[in-house]
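*Asks:* Dropping a prediction and its sequence here:
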Amino acid sequence: MSGKVVVNRCMSLDGFIAGPGHSMDWGSDRALADFVAPDDLAEIAAATGAMLVGRRTWEVGDRMQAEQPRRVDYPFSGPMFLLTHRPLVPPNPNVTTLTGDIGGAVATALDAAGSKDLEILGADVAGQCLQRGLVDEILVYILPVLLGDGIRFSSPGLARTDLEPISSTRSGDATILRFRVRRQSDRTV
């Protein structure tokens with residue numbers, strides 16, 4: 001049995017997953033781990049078997065890691081897949097670069113996740129996965145901040161996607177929302 005494909009996002013209360021210029025500075029240099037209870041992050045990370053990350057998200061994370069090298073924001077240690085048309089320079093031995101069709105990339109990463117979940121990180125990759133009907137769940141950390149501008153949760157052109165609420169949990173200063181993506185066959189006429 002394979003795990004689920006889960007879009008995992010932090011979001012400001014006004015619907016932005018990043019600020020202007022793809023900034024992930026959520027205020028006063030706070031990171032996800034500063035908002036969410038450590039036990040909740042550990043539980044979500046333990047259910048994750050692999051991650052599929054978009055190039056821009058990878059670059060933002062790489063920049064954040066360079067600025068604060070000792071900061072651990074998410075306690076995940078498993079296979080990382082980067083969906084990109086440009087190889088990493090220098091190559092990272094801990095990352096598998098994938099190119100081509102989003103369906104193939106998801107299948108490869110989901111297989112590597114084993115029976116655990118595959119987390120999708122990155123606005124463009126998540127949008128492609130949602131467009132193709134590849135997402136099972138959406139996990140959102142609502143952070144108590146208004147960004148006012150930036151990268152929206154979903155990109156323009158994304159078709160309507162019906163969701164079924166699974167859970168809503170207060171965790172530290174954040175609210176964690178989890179939704180199941182309803183398939184066309186789930187909808188009543």
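*Replies:* Perfect, I can see it now. None of these values were measured; they are calculated from a predicted model.
*Asks:* Please count neighbours and contacts with C-alpha atoms only from this point.
*Replies:* OK.
*Asks:* Spell out, range by range, the helices that occur in this protein.
*Replies:* Using DSSP state H, the helices of the chain run over 32-35, 38-46, 55-67, 102-113, 123-131.
*Asks:* Would you mind giving those helices as a markdown table with distance to Ser155 added?
*Replies:* A markdown table is the format used below for those (distance: least, C-alpha to C-alpha, whole Å):
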| stretch | distance to Ser155 |
| --- | --- |
| helix 32-35 | 22 |
| helix 38-46 | 25 |
| helix 55-67 | 14 |
| helix 102-113 | 16 |
| helix 123-131 | 7 |
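*Asks:* Format these as TSV; extra columns: mean pLDDT and distance to Gly78.
*Replies:* Formatted as TSV, these follow (pLDDT from 0 to 100; distance: least, C-alpha to C-alpha, whole Å):
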stretch	mean pLDDT	distance to Gly78
helix 32-35	76	19
helix 38-46	89	9
helix 55-67	73	15
helix 102-113	96	8
helix 123-131	91	19
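*Asks:* highest average neighbour count across the ones you listed?
*Replies:* Highest mean neighbour count among those (mean count of other C-alpha atoms under 10 Å): helix 123-131, with a mean of 20.
*Asks:* Distance from it to the middle of the chain?
*Replies:* Chain-centre distance of helix 123-131: 10 Å, with C-alpha atoms, centre = their mean, to the nearest Å.
*Asks:* Other residues contacting it?
*Replies:* 7, 53-54, 57, 83, 102-103, 120, 135, 153-155, 158-159, 161 (C-alpha atoms under 8 Å, 6 or more residues apart in numbering).
*Asks:* do that again at 7 Å, thanks
*Replies:* 7, 54, 102, 120, 135, 154-155, 158-159 (C-alpha atoms under 7 Å, 6 or more residues apart in numbering).
*Asks:* quick one: which of the residues you listed is nearest to Leu41?
*Replies:* Val7 (14.9 Å; C-alpha to C-alpha).
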